[in-house]
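J.: Sequence and predicted structure below; questions after.
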Amino acid sequence: MKMQKTMAQNPLSEDVGASISWIETSDTVSRHFFFQPDGQFSVKVLDDSRPVVHKMAESFVNKFFPSGFPYSVNEGYLRYTQFRALQHFSSAALSVLSTQSLLYAAGLRPTPAQATAVSWILKDGMQHMGKLICSNLGALMDAEPKRWRILADVLYDLGTGLEIVSPLCPQLFLETAGLGNFAKGMAVVAARATRLPIYSSFAKEGNLSDLFAKGEAISTVFNVLGLGAGIQLVSTVCSSMQGKMIVGSLLSVIHVYSVSEEMRAAPVNTLNPQRTAMIIEDFIKTGKVSSPVDLRYKEDLLFPGRLIKDAGNVKVGGDLHKAIKPSRLKELKQMFPNEKFLLSCGDGKRWTDMVLEHNATGEDALRGWLVAAYSYAYASNTEKNGSESEWDHLQEAYQKMKVVMITLLPQIQAKGWHTDRFLDGKEN
């Protein structure tokens, strides 16, 4: 490394006018690093004797990955990107197969190139109703973006499957095509709505726009490759209906598997019922706080509403009048003063109902979950060693929670969790 310092013309102000530059030289590359007069940092390659393959690899990374990769993104981004590419490739190939089938069912005999050209017209023209219906489910998508992203691709494949088999019943062309595109319309909205939470989970340095742009670049490339593969398939092995059904089923399996692996790789850091319960469960068991990366492969993506025993078997999001008896409401409010949660257990129930105010944050949910977990632990010990009432368990658990949360909340925030909001899937 060679470093040079060039002084400004004004000798009275060394710090303000000074510019710093240096040269870093490895075995094959020499780079000049310097600060421009406006303060911008720049790099210039002076000599590069690397093999062409290495240069192409670096160019590919710069074109399709965020600046500073891999240090500018959270763990799991490379795996997410790999399966995202495979997902878009299989999806594009499926779209060619389905469009050709639709045109056959309508009485046309298109070429593969024609099928590719009109696929966008059919997609955009017949999906509006599905989009309108799915747009009302935005709060649920915020709470469980991974689940809805997978469901979006399942809906897409169902719609595509209906289009592929439409030539078997040409007299029902309108019904089959309409239902298929209705499902695909819902899939489009769900996929787009969940894109931002997933990208946000990888943004490490406020580089969300860069992540989004590079992700779309990869999607575009593999969509084009998938369209090319689809054109080749419909000209060869998929020229018959049997071939279309076999290859279409295989592509659909690859498609859904790819998106499920994408979602497992994403370390979403917002608090929802499942992730909150898992954080409390791990804390009760080990005394440590799990990070979004630690929990990503433990999440149940399709059925996230399961009860977690060590976290108090909490159910959240129910109506107040159903979860808590009116006769107990006043007592519970007195037991949890100035809190934005209420808990109800006992009466033979195998779970704890939690009711949150509409403006409750993730911190409020964590406080309630921690009370439920401690209360459940006390109740389990009572069954073995003695007899105390539900109210005694709740009061004791509440007092312990207030002590523990003083140190627990900073640990949770330090792990990257967003505690300023809680997403339970309700509109308010």
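T.: Okay, I see it.
J.: only C-alpha atoms for contact and neighbour calcs from this point on.
T.: Will do.
J.: Against L343, how distant is R328?
T.: Per C-alpha to C-alpha, to the nearest Å, R328 is found 10 Å from L343.
J.: So for the two, which residue has more residues nearby?
T.: L343 (24 against 10; other C-alpha atoms under 10 Å).
J.: Surely L332 and L342 touch.
T.: Yes: contact criterion C-alpha atoms under 8 Å: L332 and L342 qualify, at 6.6 Å.
J.: pretty sure R31 is in a strand, no?
T.: Yes: R31: assigned to a strand according to DSSP: H, G, I helix; E, B strand; the rest coil.
J.: any idea how far H32 is from the closest residue to it other than its chain neighbours?
T.: With sequence-adjacent residues excluded and distances taken as C-alpha to C-alpha, 6 or more residues apart in numbering, R31 is closest to V45, at 4.4 Å. Distance, V45 to H32, by C-alpha to C-alpha: 6 Å.
J.: avg pLDDT for the helix or strand containing T81?
T.: Applying DSSP states H and E as the criterion places T81 in helix 77-105. For helix 77-105, mean pLDDT is 84.
J.: cool, and stretch 218-233?
T.: Stretch 218-233 carries an average pLDDT of 90.
J.: could you dump that stretch to PDB, C-alpha only?
T.: Output of stretch 218-233 as PDB, limited to C-alpha atoms (Å, rounded to 0.1, in the frame of the first residue of the first chain):
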ATOM      1  CA  ILE A 218     -32.200 -10.900 -11.700                       C
ATOM      2  CA  SER A 219     -35.900 -11.500 -12.000                       C
ATOM      3  CA  THR A 220     -35.900 -10.000 -15.500                       C
ATOM      4  CA  VAL A 221     -33.000 -12.100 -16.700                       C
ATOM      5  CA  PHE A 222     -34.400 -15.400 -15.600                       C
ATOM      6  CA  ASN A 223     -37.900 -14.500 -16.800                       C
ATOM      7  CA  VAL A 224     -36.400 -14.100 -20.300                       C
ATOM      8  CA  LEU A 225     -34.500 -17.300 -20.000                       C
ATOM      9  CA  GLY A 226     -37.600 -19.100 -18.800                       C
ATOM     10  CA  LEU A 227     -39.600 -17.800 -21.800                       C
ATOM     11  CA  GLY A 228     -36.900 -19.100 -24.100                       C
ATOM     12  CA  ALA A 229     -37.100 -22.500 -22.300                       C
ATOM     13  CA  GLY A 230     -40.800 -22.500 -22.600                       C
ATOM     14  CA  ILE A 231     -40.700 -21.800 -26.300                       C
ATOM     15  CA  GLN A 232     -38.300 -24.700 -26.700                       C
ATOM     16  CA  LEU A 233     -40.600 -27.000 -24.600                       C
END
